[in-house]
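J.: turn this into a structure:
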Amino acid sequence: MTRQPLLRFGRAATLGVLLLVAVAVPAALAAKPKTSLTALEVQYMCTSCRESLELAQSPQAQSERQFLAGLIAQGLTPAEIHTQMVDQYGLAVLAKPPAHGFNLTVYILPPAILLVGVAGLLYTLPKWRARARRAAAEQPQSAPPLDHADAERVRDELARFI
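T.: Model prediction:
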């Protein structure tokens, strides 16, 4: 008999948690992420001094910051702000160039150079190691024993310095 109330309480608690999750998760997913000026300044450049907007102190940079702050105050998403900044100042305002046309080389060339370097090492390292092994095999393992005169000379030299 005591299990009946516990089962009802467990079912009610489970139902309550499921209801809370069903309401809270969509609300959290629907909430817009808050954009801040400091988070967006890194993505843009001052068009006159060609420095990052977060570091630049020119009048043009101040103007761009004010424009950016106005867009944030309007509640625009980062993608909408990106479009507005490019429309207002052109592609020169972007800190990261768009990945099309000649700018694509900025994204493709460094990994390609790295892959070519790794492939070159994978090709040449075994050859270098084999050459080192052959050279080590050709060298005598131990020096020939000293003859009696050389051994005496070494003893005399060591006795003089020790």
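J.: mind checking how far Leu121 is from Ile108?
T.: 21 Å (CB to CB, to the nearest Å). Where you see a C-beta, it was placed from the backbone N, CA and C, and this is true even at glycine.
J.: what do you get for Ala92?
T.: 22 Å.
J.: quick one: name whatever helix or strand follows the longest helix seen in the chain.
T.: In the chain, assigned by DSSP state H, the helix with the most residues is helix 104-138. Per DSSP states H and E, the first helix or strand lying C-terminal to helix 104-138 is helix 148-161.
J.: what's the mean pLDDT across that next one?
T.: The pLDDT scores in helix 148-161 average 91.
J.: so what does that helix touch, helix or strand wise?
T.: If you count contacts as 3 or more CB pairs under 8 Å, 6 or more residues apart in numbering; DSSP states H and E, helix 148-161 packs onto no helix or strand.
J.: where does the prediction get shaky in this structure?
T.: Scanning the chain for pLDDT under 70 picks out the ranges 1-10, 12-13, 15-16, 18-34, 140.
J.: hmm, 80 instead?
T.: The model of the chain has pLDDT under 80 over residues 1-35, 99, 139-144, 162.
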